[in-house]
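A predicted structure for the sequence below; I have some questions about it.
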Amino acid sequence: MHLDHDHDRPAAVSADARRPDGSRRAVRIGLGGPVGSGKTATVAALCRALREEFSIAVVTNDIYTREDAEFLLREAVLPPERITAVETGACPHTAIRDDISANLEAVEDLEDEVGPLDLVLVESGGDNLTATFSKGLVDAQIFVIDVAGGDDIPRKGGPGVATADLLIVNKTDLAPHVGSDLARMAADAKAARGELPVAMQSLRGEDGAREVAEWVRGRIAAWTA
């Protein structure tokens with residue numbers, strides 16, 4: 001884990017921080033990254049770690065299916081009414097950056113139906129290293145890569161790696177099996193991101209999402225302060 005809390009910047013409060021009735025809306029955190037990097041598993045782990053403290057809901061994005069939402073439902077990480085899915089019908093980044101209307105509607109419907117909420121996690125469908133979220137949709141972004149994708153990914157950079165509020169290098173337990181150099185990945189990520197935080201994560205352990213959950217707690221605290 002390489003979270004530097006001195007540089008752990010709080011999310012800025014956006015212009016639409018309140019709902020039409022005047023109540024504060026939930027903080028929205030987006031999770032993006034390549035296919036198979038562990039986005040859904042990270043969402044599940046965060047829900048388990050935070051659900052006793054906060055009121056949470058999740059929006060998942062898939063191109064033609066609701067597979068990620070169905071995984072979360074099978075895992076029972078939240079009550080079913082707190083998990084919804086968007087079928088993008090196109091490249092995943094279009095629904096999180098270009099035309100965010102379907103995701104915004106899903107988030108607002110959740111707040112109407114099960115609110116008030118503290119946190120909404122918006123998971124993108126699997127995309128490439130250029131995937132980023134519109135600031136009109138989320139208040140902070142997490143980008144997830146994994147060691148099995150190659151230890152050169154942090155050097156390749158791209159907007160997701162370089163500019164996300166938090167970068168997760170996931171599945172660190174697999175490094176010995178796939179020939180990835182974790183120290184090099186961590187150093188390359190730091191070089192690409194400057195003072196933005198990087199989390200080296202394995203979800204194989206019971207407490208694998210602990211420090212990422214702490215980062216999310218900080219975002220919620222900044223939002224409600």
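Perfect, I can see it now. Keep in mind that this is a model prediction, so the values were computed, not measured. Residues are numbered from 1 along each chain as shown.

right, and the helix or strand after the lowest-mean-pLDDT helix or strand in the chain?
Ranking every helix and strand in the chain by mean pLDDT, DSSP states H and E puts helix 92-93 at the bottom, with a mean of 80. Per DSSP states H and E, the first helix or strand lying C-terminal to helix 92-93 is helix 101-114.

list the helices and strands that following helix packs on?
Here helix 101-114 is seen to pack against strand 56-62, strand 83-87, strand 119-123 when contacts are counted using 3 or more C-beta pairs under 8 Å, 6 or more residues apart in numbering; DSSP states H and E. Placement of C-beta: from N, CA and C, glycine included.

Can you name every helix or strand that the second one contacts?
Packed against strand 83-87, as judged by 3+ C-beta pairs under 8 Å, 6+ apart, are the following elements: strand 56-62, helix 67-75, helix 101-114.

Rebuild the helices and strands packed on helix 101-114 as JSON lines, extending it with mean neighbour count and mean pLDDT.
Output for the helices and strands packed on helix 101-114, formatted as JSON lines (neighbours: other C-beta atoms under 10 Å; pLDDT from 0 to 100):
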{"stretch": "strand 56-62", "mean neighbour count": "26", "mean pLDDT": "95"}
{"stretch": "strand 83-87", "mean neighbour count": "21", "mean pLDDT": "94"}
{"stretch": "strand 119-123", "mean neighbour count": "27", "mean pLDDT": "97"}
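
could those go into a markdown table alongside distance to A221?
Shown next, in a markdown table, are these (distance: least, C-beta to C-beta, whole Å):
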| stretch | distance to A221 |
| --- | --- |
| strand 56-62 | 15 |
| strand 83-87 | 24 |
| strand 119-123 | 11 |
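
quick one: contacts of the least confident helix or strand of the chain?
For helix 92-93, the external contacting residues (C-beta atoms under 8 Å, 6 or more residues apart in numbering) are G32, N61, D62, I63, S124, G125, G126, D127, T130, A131, T132.
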